[in-house]
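Trainee: what follows is a protein structure lacking sequence information:
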Ligand code: ZN
């Protein structure tokens, strides 16, 4: 275990990725959720996305949410944008950490933003320049990195090619999203290795879904390669839009519970985070898929019956 990272940086994506895949909840609840997350020790929170309200009604109140969040000095808040228009909105709202998502799979990119992958990539240099002009950073999130709900397998060379286009455009960092929960540890090891060979200078974060139960196994595989940057959503918020009833994002409290016990620091107070997970579950109005939320921290004991 000695070669695992000593600490990891977690990005909480529940308020954006999580809630985007749930029935809409009231604006004040979103604000309360982000404020509560800001007090757990999490240092990065993806707060909102600036997408067209008709496309994703769950994020129509992004400006209102962001205007009312109590921004903690020690937390970096980020916004996801689909294109230049969204990027301008995010900059106008005062975000200095932006993420643009592009699918490695053409069909998925067309379904999401009505364009083939190459067209989205062609805009990247302009988006990056605009973000940098405004003093902001831009991360390229490559979705469907381990598989596409429409096309099935996505060739690794294709994913690495998209990442390389990001590097050429000057993005500040890269993240791979396992949109469909199709990653397994050996696939993670292979894609991370190939990406590092192709883009050795680009920081890489990973975004796993637990759709098929491999989320934490994938985190562990990546840790062994020294990856120290992961996304997760409190309570495991956000189902899988392609598999109704299936779970989506890995739960932040499950990641924290596992890593802290392995001696990998997250900076997160698990008890506090579990309180927020309960709150999140209440807000979405259904049982969340997080197993640590059900079972409690591993320090929890019960009284013997007699
Ligand atoms: Zn996700």
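Mentor: That came through fine. Owing to the predicted nature of the structure, the values given are computational and were not obtained by experimental measurement. Numbering: from 1, shown residues only.
Trainee: all contacts plus neighbour counts: C-alpha atoms, from now on.
Mentor: Will do.
Trainee: which SS state does residue 89 fall under?
Mentor: Three-state assignment for residue 89 (DSSP: H, G, I helix; E, B strand; the rest coil): helix.
Trainee: now do it against residue 81, distance only.
Mentor: Residue 89 sits 9 Å away from residue 81, going by C-alpha to C-alpha, to the nearest Å.
Trainee: out of the two, which sits in the busier spot?
Mentor: Between residue 89 and residue 81, counted using other C-alpha atoms under 10 Å, the more crowded position is residue 81 (22 against 18).
Trainee: now residue 20, nearest residue through space, not along the chain?
Mentor: Once flanking residues are discounted, residue 20 sits nearest to residue 58: 5.5 Å by C-alpha to C-alpha, 6 or more residues apart in numbering.
Trainee: confirm that neighbour sits in a helix?
Mentor: Yes: under three-state DSSP, residue 58 sits within a helix.
Trainee: from residue 93, how far off is it?
Mentor: Taken as C-alpha to C-alpha, the span from residue 58 to residue 93 is 18 Å.
Trainee: quick one on the thing from earlier: what's the overlap in contacts for residue 89 and residue 81?
Mentor: With contacts defined as C-alpha atoms under 8 Å, 6 or more residues apart in numbering, the residues shared by residue 89 and residue 81 are residue 50.
Trainee: and residue 11, which of the three is it?
Mentor: Looking at residue 11 with three-state DSSP, the answer is strand.
Trainee: what about the helices in the stretch 201-306 of the chain?
Mentor: Using DSSP state H, counting those that start in this stretch, the helices of the stretch 201-306 of the chain run over 215-224, 252-261, 270-284, 291-295.
Trainee: averaged pLDDT, the longest one. What do you get?
Mentor: In this model, helix 270-284 carries a mean pLDDT of 98.
Trainee: give me the residues contacting it.
Mentor: Helix 270-284 has contacts (C-alpha under 8 Å, 6+ apart) with 22-23, 25, 29, 33, 36-37, 39-40, 234-235, 237, 253, 256-257, 287-288, 293, 296-297.
Trainee: just the buried members of these?
Mentor: Neighbour counting over those (16 or more other C-alpha atoms under 10 Å) leaves 22, 29, 33, 36-37, 39-40, 234-235, 237, 253, 256-257, 288, 293, 296-297 as the buried ones.
Trainee: enumerate every residue touching the closest residue in space to residue 9 that isn't next to it in sequence.
Mentor: In this structure, residue 9 finds its nearest non-sequential neighbour in residue 229, 4.9 Å apart by C-alpha to C-alpha, 6+ apart. Contacts for residue 229 were tallied using C-alpha under 8 Å, 6+ apart; they are 8-11, 204-206.
Trainee: run the last query once more with 7 Å
Mentor: Shown in contact with residue 229 (C-alpha atoms under 7 Å, 6 or more residues apart in numbering): 8-10, 205-206.
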